[in-house]
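Chemist: coordinates only, no sequence provided:
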C-alpha cells in the first residue's frame, strides 16, 4: 500500500485553517463595523427634534458601513476564489494572508474615522488607503501563489491567473480615485466611487461571457 505524503497532508491542513481563521475574522469585523454606528438614540427619552437630527446624522454612517460591507464581501469572495484554486500552501503564503487579515481588522476603525471626520479629506484617504492595502496584499498573495504555478491546483487556466491580478489592481485604482475625489470634489461622499468596482467589473466581464456563450 502506498504511504500518504505527510508533508502534503500538513499543507492541506494549513489551508483549511487559513480558511477558518479568515471566515472568523470577517464575521467579527463585519459585526464590529455595524456596532460603530452611533446615533445618540440609545441614551433614554429624547425630544422629537433630537431624534430626527440623530437619524439624519446616522445616514452617512450607514452609507459608509454599506460601502465597507460591500468591499469586505468582495474581499471575502476573492479570498475563497483563491483558496478554491490553490492545492496547498507554504509559510510565505500564510504570512501574506495574515498581513491581509491585519489590514482587514483595521476596517472598523478606519470606517469610524471616516464617519466622524468625513469633512476632512485625510480621514477619507486613510480609509481608502486601508482598502488599497487589503487589495494589494491579496493581489500579492495571488501573484506569489501563481508564479510558476507553485501553489495552484492542476487545470487552473492562465486566464484565471491574470483575471485575479487584474481585479486586485482594479480595487487599488478605484481607491486612488476615491482619494482624489475626497481632495478635489467632496470628501463626505467620495467613497461612493467604490461602486465603480461593480460597474467596471460588470462591463469587463460581460464581453467574455458573451463570447463564451457563442
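Modeler: Received the coordinates, thanks. What you see is a predicted model; the values in this text were computed from it and never measured.
Chemist: from here on, contacts and neighbour counts on C-alpha atoms
Modeler: Noted.
Chemist: count of residues packed around residue 53?
Modeler: Per other C-alpha atoms under 10 Å, the neighbour tally for residue 53 reads 12.
Chemist: brain fart, residue 119
Modeler: Number of residues near residue 119 (other C-alpha under 10 Å) recorded here: 15.
Chemist: how close does it get to residue 79?
Modeler: 33 Å (C-alpha to C-alpha, to the nearest Å).
Chemist: skip ahead from the one helix or strand residue 139 maps to and say which helix or strand is next.
Modeler: In the assignment (DSSP states H and E), residue 139 maps to helix 121-146. Downstream of helix 121-146, the first helix or strand assigned by DSSP H and E is helix 158-184.
Chemist: and that following helix, what's buried?
Modeler: Going by neighbour count (16 or more other C-alpha atoms under 10 Å), the buried part of helix 158-184 is 161, 164-165, 167-172, 174-182.
Chemist: against which helices or strands is that helix packed?
Modeler: Secondary-structure packing of helix 158-184 (3 or more C-alpha pairs under 8 Å, 6 or more residues apart in numbering; DSSP states H and E): helix 121-146, helix 196-213.
Chemist: can you give me the offset of that helix from its chain's centre?
Modeler: Distance, stretch centre to chain centre, for helix 158-184: 11 Å (C-alpha atoms, centre = their mean, to the nearest Å).
Chemist: I'd assumed residue 104 was in a strand, is it?
Modeler: No. Read with DSSP: H, G, I helix; E, B strand; the rest coil, residue 104 is helix and lies in no strand.
Chemist: grab the nearest non-local neighbour of it.
Modeler: Take residue 104 and drop its neighbours on the chain: the residue closest to it by C-alpha to C-alpha, 6 or more residues apart in numbering is residue 134, 6.6 Å away.
Chemist: ok, now which ones touch the one you found?
Modeler: The contact partners of residue 134, by C-alpha atoms under 8 Å, 6 or more residues apart in numbering, come to 100-101, 103-104.
Chemist: which single one of those residues is nearest to residue 111?
Modeler: residue 104 (11.1 Å; C-alpha to C-alpha).
Chemist: residues near that closest one, how many?
Modeler: The number of residues packed near residue 104 is 23, by other C-alpha under 10 Å.
Chemist: check contacts around it.
Modeler: Taking C-alpha under 8 Å, 6+ apart, we find residue 104 in contact with 26, 29, 72, 130, 134.
Chemist: pLDDT value on it, please?
Modeler: With respect to pLDDT, residue 104 has a value of 96.
Chemist: show me the shaky parts of this protein.
Modeler: Counting by pLDDT under 70, the ranges of the chain that qualify are 1-14, 38-51, 54, 204-214.
Chemist: what packs against the longest helix along the chain?
Modeler: When the chain is parsed with DSSP state H, its longest helix is helix 48-85. Judged by 3+ C-alpha pairs under 8 Å, 6+ apart, helix 48-85 is in contact with helix 6-35, helix 107-116, helix 121-146.
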